[in-house]
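Have a look; sequence and predicted model below, questions after that.
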Amino acid sequence: SQQGEEDPQALSIQEGENATMNCSYKTSINNLQWYRQNSGRGLVHLILIRSNEREKHSGRLRVTLDTSKKSSSLLITASRAADTASYFCATVTDSWGKLQFGAGTQVVVTP
Amino acid sequence: DTAVSQTPKYLVTQMGNDKSIKCEQNLGHDTMYWYKQDSKKFLKIMFSYNNKELIINETVPNRFSPKSPDKAHLNLHINSLELGDSAVYFCASSRDTGIYGYTFGSGTRLTVV
């Protein structure tokens, strides 16, 4: 069964706007990770947030984690056309490091 | 230098054939994984090896067999290929088991005809 659910499934914005996507999960986590996948390419790790952390930043990316609501959000500020990709959240819930992915949010940024 | 490299990038084969996908990482990571991405982009773990030892073996048909000759290599062999095996297969590695982010290869698109 799928651990993560992402919302929205698709997002279309103009360059310069902010993009926010949400991820909800079902069971307690060790950490939660966000990945980007450009069309036809592999996944690129963006940010890892641990279960005892509430917010992390990396460049134009901001990730929040609310373990009481079992949810996380990824904010991309001042989006660029190059941010067009699918974004996935993934959780680690065991000591073996098994990453369980959500279905992804497809983001299209138009110039 | 490519961190996680998979070969081949594309694989088209007939039902019933046996095929292998190779993966190599030059990051010095201890743990390697195989993931399958279906046509709806859903990613599911198949196997994981830590220092050549199998640590995750999800419910996949036993036609799929991973092999890790050393901690830098993890290969995937598939016997008696079926139409439903068509997908993109990703290899990944991480410095430890889930404490750090993964580094993914660029994927192998397998098409069974």
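Received, thanks. Residues are numbered from 1 along each chain as shown, chains lettered A, B, ... in the order given.

hey, what's the spatially closest residue to residue B:102 that is not a sequence neighbour bridged with?
The shortest distance from residue B:102 to any non-neighbouring residue, by C-beta to C-beta, 6 or more residues apart in numbering or on different chains, is to residue B:92 (4.3 Å). (Each C-beta comes from the backbone N, C-alpha and C, glycine too.) Applying DSSP bridges to residue B:92 gives these bridge partners: residue B:33, residue B:104.

Who are the contact partners of the residue in chain A positioned nearest to chain B?
Proximity of chain A to chain B (C-beta to the nearest C-beta) peaks at residue A:97, 2.6 Å away. Remark: with contacts taken as C-beta atoms under 8 Å, 6 or more residues apart in numbering or on different chains, residue A:97 is in contact with B:31, B:48, B:56, B:94, B:96-99.

ok, now with 6 Å
B:97-98 (C-beta atoms under 6 Å, 6 or more residues apart in numbering or on different chains).

ditto for residue B:67
residue B:75.

and chain B, which residues reach chain A?
B:41-43, B:45, B:55-56, B:97-98, B:101, B:104-107 (C-beta under 6 Å from any C-beta of the partner chain).

Chain A against chain B: which residues are in contact?
Near chain B, when you scan chain A using C-beta under 6 Å from any C-beta, you find A:33, A:41-43, A:45, A:48, A:92, A:96-98, A:101, A:103-104.

Out of these, which sit inside helices?
If you go by DSSP state H, these have nothing in helices.

Output the contacting helices and strands for the lowest-mean-pLDDT helix or strand in chain B.
None of the helices or strands of chain B scores lower by mean pLDDT, DSSP states H and E than strand B:53-57, at a mean of 90. Contacts defined by 3 or more C-beta pairs under 6 Å, 6 or more residues apart in numbering or on different chains; DSSP states H and E place strand B:53-57 against strand B:43-50.

for the strand it packs on, which positions count as buried?
Under the neighbour-count criterion of 16 or more other C-beta atoms under 10 Å in any protein chain shown, strand B:43-50 has B:43-50 buried.

Next: stretch B:97-106.
Those buried within stretch B:97-106 under the rule 16+ other C-beta under 10 Å are B:97-98, B:100-106.

can you check stretch B:58-75 too?
Those would be B:60, B:64, B:66, B:68, B:71-75, for stretch B:58-75 by 16+ other C-beta under 10 Å.
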